[in-house]
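> for reference, the sequence and a predicted model appear below.
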Amino acid sequence: MSKQHSSSILSGIMITAGSAIGAGMFSLPVVASGMWWWYSVGCLVFLWILNYLSALYILEANVQFPPGASFDTIASNILGPTWNTLIGLSAAFLMTILLYAYFSAFGNIATQTLQWEIFNTNTWWQGLMSLLLGGLLAVIVWWSTAAVGRISTLLVVGMVVTFILSMSGFALQIEAVKLFNQTTQSNYYFSYVWAALPYFMTSFGFATIVPSLYKFYGRQPALIKNSLLGGSLITFAVYALFLLVTFGNITREEFIAINEAGGNIGHLVHAFEKGQPNTVMSNILTLFSNFAIMSSFLGVSLGLFDFIADKFSFADDSKGRFLTACLTFLPAGIASFFFPNGFIAAIGYAGLVMTFGFFIAPYFMIRKIRSTPKETTFKVGGGAPLLLFFLLASILVGVCKILTLLDYLPQW
């Protein structure tokens, strides 16, 4: 068993926030552009509650096992091998679709930044940039986990610094007429909330980190709970600030062009730059977006890399890591080449898969645990009513995504 940490809650808070905040936040203003500021905050509150409950229920299941047990182990022992297989497939699909989203974002941000004329002739060039830039980071993951750790540390530091600088600069330019959408006849559209919910679901996504926190802190559920609370509140604050600054600088009319172009990260950054006379702030925002993409790419790809290596029992030598790398990166990379503007769509599909694996499955785990008289060191309050709310709210998010795919719900 790894050494258990009992002194500082700060590490747990940072791990929680770091696992949630990333490139996915760039999807939020795009999918929220139909409902705008106030309804976006409402969505943030709702999805924060749902994700926090998911993390707590997973913790309640996790404490039934020794520290170090993976989510696969927990699901398999509580729900059986069939559920474990379904959850494993969901996890693999989730990481692959997110990896595709970040491949796509690489090509888009590069073409928007470089503004070469050749990029306007064919999306083939954007797909090629996705492969090239994503491939460079793929080499790092193939090389060693230690290399990923060192580079990720630098990226996170860079991401924090550039986020603070860019948001501070753009916050000074917030215009009330834009933020409160006073440039159009109708201010807010509640009907756009439903299609946006799965994207907000994906952007939080810190419940996946619970087994790692349990391994880190050991049998100290109160400390883990407080870490989840603190880290998730930081995530909430960052997202609320990002939406505030975005809607205060970019009009709703400008989002029409962003959405029609595909809503990728580069399109959003370019819209910021058009209204920004200070090129220094624009460059800092571009740096932040690149740091966020690279950090998210490395985190997701390392998780998928280890998952594939474990499932196929590939050796941790040059040949084994090469085979693992091929299965990890080629599907997402090739998909980004042929479909270079799928960032927003991929984030939405990820939300649907997360709903099943990390929301509906934990409901059944807790139901089964509580049906036995076994004592536990941690139990989420609220009893059956809160657990039922958690299930119904999770199903609502999944149904919203399905109805959106069937064109029954309006989209931003």
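Perfect, I can see it now. Numbers count the residues shown, from 1 in each chain.

> give me the neighbour count for L86.
When counting by other C-beta atoms under 10 Å, one arrives at 15 neighbours for L86. Any C-beta I mention is one placed from the backbone N, CA and C, and that applies to glycine too.

> quick one: it from V177, how far?
L86 is 49 Å from V177, where distance means C-beta to C-beta, to the nearest Å.

> can you check A384 too?
In terms of C-beta to C-beta, A384 sits 48 Å off from V177.

> can you tell me what sits against stretch 294-305?
Contact partners of stretch 294-305, identified using C-beta atoms under 8 Å, 6 or more residues apart in numbering, comprise 19, 22-24, 92, 95-96, 98-99, 102-103, 106, 134, 137-138, 140-142, 145, 148, 151-152, 155-156, 159, 324-325, 328-329.

> apply 7 Å and report the result again.
The contact list for stretch 294-305 (C-beta atoms under 7 Å, 6 or more residues apart in numbering) reads 22-24, 95-96, 98-99, 102, 134, 137-138, 141, 145, 148, 151-152, 155-156, 159, 324-325, 328-329.

> which of those residues are buried?
22-24, 95-96, 98-99, 102, 134, 137-138, 141, 148, 151-152, 155-156, 159, 324-325, 328-329 (16 or more other C-beta atoms under 10 Å).

> does F329 lie in a helix or a strand, and which?
Using DSSP states H and E, F329 sits within helix 318-338.

> check K401 too.
helix 383-405.

> quick check: buried residues in that helix?
Within helix 383-405, the residues that count as buried by 16+ other C-beta under 10 Å are L387, F390, L391, A393, S394, V397, G398, V399, C400, K401, T404.

> flag the shaky bits of the protein, pLDDT-wise.
1-7, 112-126, 182-188, 275-278 (pLDDT under 70).

> how near is the residue nearest the centre of it to A345?
For the chain, S203 is the residue whose C-alpha lies nearest the centre (C-alpha atoms, centre = their mean; 3.8 Å). As for S203, its distance to A345 is 15 Å (criterion: C-beta to C-beta).

> rewinding a little: helix or strand right after the helix holding F329?
Next along the chain after helix 318-338, taking DSSP H and E as the criterion, comes helix 343-355.

> M281 is in contact with G169, isn't it?
Yes. Look at M281 against G169 with C-beta atoms under 7 Å: they come within range, at 4.0 Å.

> which of the two has more neighbours?
The neighbour comparison of M281 against G169 (other C-beta under 10 Å) goes to M281, with 20 against 17.

> quick check: which element contains that one?
helix 279-311.

> kindly report the same for A146.
For A146, the host element (DSSP H and E) is helix 145-171.

> that helix vs helix 279-311, what angle?
Our comparison of helix 145-171 with helix 279-311, counting by axes from the mean of the first three to the mean of the last three C-alpha atoms, to 10 degrees, yields an angle of 150 degrees.

> and helix 145-171, how far out from the chain's middle?
Offset of helix 145-171 from its chain centre (C-alpha atoms, centre = their mean, to the nearest Å): 16 Å.

> what's in contact with whatever helix or strand comes next after it?
Taking DSSP H and E as the definition, the helix or strand that follows helix 145-171 towards the C-terminus is helix 176-179. For helix 176-179, contacts defined as C-beta under 7 Å, 6+ apart pick out W37, T183, F247, G248, N249, I250, T251.

> and helix 176-179, what's buried?
Of the residues in helix 176-179, those buried (16+ other C-beta under 10 Å) are K178, L179.

> CA atoms only: put it into CSV for me.
What follows is helix 176-179, C-alpha atoms only, in CSV (Å, rounded to 0.1, in the frame of the first residue of the first chain):
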residue,chain,number,x,y,z
ALA,A,176,-22.9,45.2,-19.4
VAL,A,177,-24.7,45.5,-22.7
LYS,A,178,-23.0,42.3,-23.8
LEU,A,179,-23.1,40.4,-20.5
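
> check the secondary structure at the residue nearest to G351 when sequence neighbours are not counted for me.
Nearest non-adjacent residue to G351, counting by C-beta to C-beta, 6 or more residues apart in numbering: P198, 3.0 Å away. Following DSSP: H, G, I helix; E, B strand; the rest coil, we place P198 in the helix state.

> let me know the distance separating P198 from L405.
10 Å.

> next: G231.
Using C-beta to C-beta, G231 is found at 31 Å from L405.

> contacts only, for the residue lying closest to F65 once chain neighbours are set aside.
Sequence neighbours aside, I74 is the residue nearest to F65 in space, at 6.0 Å (criterion: C-beta to C-beta, 6+ apart). Residues near I74 by C-beta under 7 Å, 6+ apart: A61, N62, F65.

> now do the SS call for the last one.
Just to be clear, that refers to F65. coil.

> the residue nearest to the centre of the chain sits in which helix or strand?
helix 193-204.

> so which elements touch that helix?
Judged by 3 or more C-beta pairs under 7 Å, 6 or more residues apart in numbering; DSSP states H and E, helix 193-204 is in contact with helix 27-31, helix 36-62, helix 343-355, helix 383-405.

> now for the ones you listed, which one comes closest to F312?
Using C-beta to C-beta as the measure, helix 343-355 is the one of the helices and strands packed on helix 193-204 that comes nearest F312, at 20.9 Å.

> between that closest one and helix 318-338, how big is the angle?
Inter-element angle recorded for helix 343-355 and helix 318-338: 120 degrees (by the same axes, to 10 degrees).

> give the buried residues for the next helix or strand after helix 343-355.
Using DSSP H and E, the helix or strand that follows helix 343-355 in sequence is helix 361-370. Neighbour counts over helix 361-370 (16+ other C-beta under 10 Å) mark A361, P362, Y363, M365, I366, I369, R370 as buried.

> do the same with stretch 75-95
Judged by neighbour count (16+ other C-beta under 10 Å), stretch 75-95 contains these buried residues: 75-76, 78-79, 83-84, 87-88, 90-95.

> re the thing from before, quick check: the residue nearest to F65 vs F180, distance?
46 Å.

> one step back: the residue nearest to G351 contacts A350, doesn't it?
No. Counting by C-beta under 7 Å, P198 does not reach A350; the two are 8.0 Å apart.

> now do the same for S313: helix, strand or coil?
Once three-state DSSP is applied, S313 turns out coil.

> what does T376 give?
coil.

> again, but for G263
With three-state DSSP as the criterion, G263 reads coil.

> ok, now which ones touch it?
Shown in contact with G263 (C-beta under 7 Å, 6+ apart): V30, F343, I344.
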